[in-house]
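Peer 1: Pasting the sequence and the predicted coordinates here, then a few questions.
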Amino acid sequence: MARKGQGKPSPMVGDPTDPRGMAVLRDKYLEHLAVTNFSPRTIDVRTYYLNHFIKWCEERALVRPSDITKPVIDRYQRGLFLYRNADNKPLSFHSQRGHLTPIKGWFRWLTRENHILYNPASELDLPRVNKSLPRHILSAADAEQIINQTNVSDPLGVRDRAILETLYSTGLRRLEMVRLKLYDLDVERATVMVRDGKWHKDRLVPVGERALLWLGKYLAEVRPLLAPGGVREDALFLTNIGEAFSADRMSGLARHYLEKAQLPGGKHGACHIFRHTMATLMLEGGADIRYIQAMLGHADLNTTQIYTQVGIRHLKQVHAATHPTGMLKRPGSPPSEALQADAPSAPDASPPAPPAVAAEGETSTVPPAGVSAVDDVRALDAILDDENDDGDDG
């Protein structure tokens with residue numbers, strides 16, 4: 001029986017008695033993915049999308065992979081593009097690509113294993129996916145407002161505070177959070193070990209001092225109450241009934257406190273918004289993007305480059321310093337003097353916000369030390385270049 005908050009496995013479709021039918025060959029393909037060390041989550045996702053395609057085919061009396069031709073796959077792709085839900089909204093191109101990618105991989109495997117004579121999906125063009133910036137990025141004040149919604153006079157509030165502090169300090173993905181074990185946290189070294197993260201990669205992530213304080217309080221005072229003597233559960237974070245969190249329940253906890261904070265601008269999200277916020281604030285504070293890459297567990301630096309696009313404060317400073325119209329000035333005047341001499345008075349204007357991390361009493365006006373000219377060029381390329389849309393963060 002699935003735990004509360006966990007999704008049920010997708011029901012299988014197709015005829016399991018036909019050895020050359022779609023159901024049998026689908027199961028063999030999924031077994032191949034498991035043998036080649038694809039994660040259970042990836043296999044579940046591909047199962048869902050393949051079942052959707054098989055059901056669509058059966059409605060058109062197509063029951064074997066050998067019945068599928070290129071026009072059939074083209075028709076399926078057009079159907080995804082033209083689909084509208086109950087609110088008359090189409091599938092996003094990201095969702096359409098998610099439907100088609102497993103089909104492309106399945107037919108490639110069927111051809112390689114000689115189950116079919118040719119690959120009808122070999123020339124399938126996957127939809128281009130837009131490079132979207134994170135919808136919402138929290139400021140440091142926003143993050144504090146959310147974290148302070150926890151009721152630390154209550155044991156579960158202490159646990160929730162420890163969870164939010166860990167999300168904010170480390171930027172872990174929600175699945176990485178729910179998989180944390182007691183022995184993964186090293187208080188003396190102020191680190192947490194992420195085991196079997198995305199792409200099956202382990203990494204060591206530093207934990208901030210404040211997060212460690214709340215983790216220590218949770219482990220000393222709260223966790224023993226949630227895991228009485230008879231419960232043998234080694235998960236770091238436990239629910240009120242002494243079980244490990246599911247991914248959905250962890251998201252629900254984070255979403256609850258974001259909604260409770262009632263942030264201006266309608267900012268909303270769950271676990272991942274803390275990941276985006278951690279990376280952006282560290283970048284604005286001067287962290288080298290390669291260190292942020294290591295913390296986030298990105299295999300490709302280009303994936304981390306998205307956070308150079310949302311660090312808008314430094315971008316504004318660079319624009320003001322380098323663009324001919326970025327600052328009002330008289331010819332030959334230093335920028336600082338020209339700004340004072342020529343800028344029109346603006347009594348209602350607010351001073352520019354200081355970076356997230358700066359020396360006491362000072363405001364940094366230069367780009368972060370770790371971001372080189374090469375990084376700036378790459379970030380600009382990421383904004384302007386829309387040709388390669390195959391990156392994946394998840």
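Peer 2: Okay, I see it. Here the structure is a predicted model, which is why all the values come from computation and not from measurement. Numbers count the residues shown, from 1 in each chain.

Peer 1: so who does residue 219 touch?
Peer 2: Taking CB atoms under 8 Å, 6 or more residues apart in numbering, we find residue 219 in contact with residue 182. All C-beta atoms are positioned from the backbone trio N, CA, C, and that covers glycine.

Peer 1: typed the wrong thing, it's residue 30
Peer 2: Listed by CB under 8 Å, 6+ apart, the contact set of residue 30 reads 43, 46, 47.

Peer 1: Could you check how far it is from residue 279?
Peer 2: Residue 30 is 34 Å from residue 279, where distance means CB to CB, to the nearest Å.

Peer 1: Same check on residue 117?
Peer 2: Relative to residue 279, and taking CB to CB, residue 117 is found at 48 Å.

Peer 1: And the two? Which one has more around it.
Peer 2: residue 279 (26 against 8; other CB atoms under 10 Å).

Peer 1: was I right about the more buried one contacting residue 296?
Peer 2: Yes: counting by CB atoms under 8 Å, residue 279 touches residue 296, with 6.1 Å between them.

Peer 1: how about the helices in the stretch 151-300 of the chain?
Peer 2: Along the stretch 151-300 of the chain, counting by DSSP state H, counting those that start in this stretch, helices occupy 155-170, 174-178, 209-217, 223-226, 247-261, 271-284, 289-296.

Peer 1: in a helix, that's where residue 28 is, yeah?
Peer 2: Yes: looking at residue 28 with DSSP: H, G, I helix; E, B strand; the rest coil, it is inside a helix.

Peer 1: Can you give me the neighbour number for the residue nearest to residue 271 when sequence neighbours are not counted?
Peer 2: Using CB to CB, 6 or more residues apart in numbering and skipping the chain neighbours, the partner closest in space to residue 271 is residue 174 (3.9 Å). As a burial measure, residue 174 scores 22 neighbours (other CB under 10 Å).

Peer 1: try the one 4 residues further on
Peer 2: Residue 178 is surrounded by 21 other residues when neighbours are defined as other CB under 10 Å.

Peer 1: quick one: it and residue 245 touch, right?
Peer 2: Yes: between residue 178 and residue 245 there is a contact at 4.5 Å, judged by CB under 8 Å.

Peer 1: Overlap in contacts, the two.
Peer 2: Common contact partners of residue 178 and residue 245 (CB under 8 Å, 6+ apart): 235, 237.

Peer 1: For residue 43, give me its contacts.
Peer 2: Listed by CB under 8 Å, 6+ apart, the contact set of residue 43 reads 30, 33, 34.

Peer 1: now with 6 Å?
Peer 2: Residues in contact with residue 43, defined by CB atoms under 6 Å, 6 or more residues apart in numbering, are 30, 33.

Peer 1: Just want the angle from the one helix or strand it maps to to helix 247-261.
Peer 2: Residue 43 belongs to helix 40-58 when elements are defined using DSSP states H and E. Using axes from the mean of the first three to the mean of the last three CA atoms, to 10 degrees, the direction of helix 40-58 lies 100 degrees away from that of helix 247-261.

Peer 1: Read off the pLDDT value for the residue nearest to residue 271.
Peer 2: At residue 174, the pLDDT value in this model is 89.

Peer 1: Sweet, I'm off.
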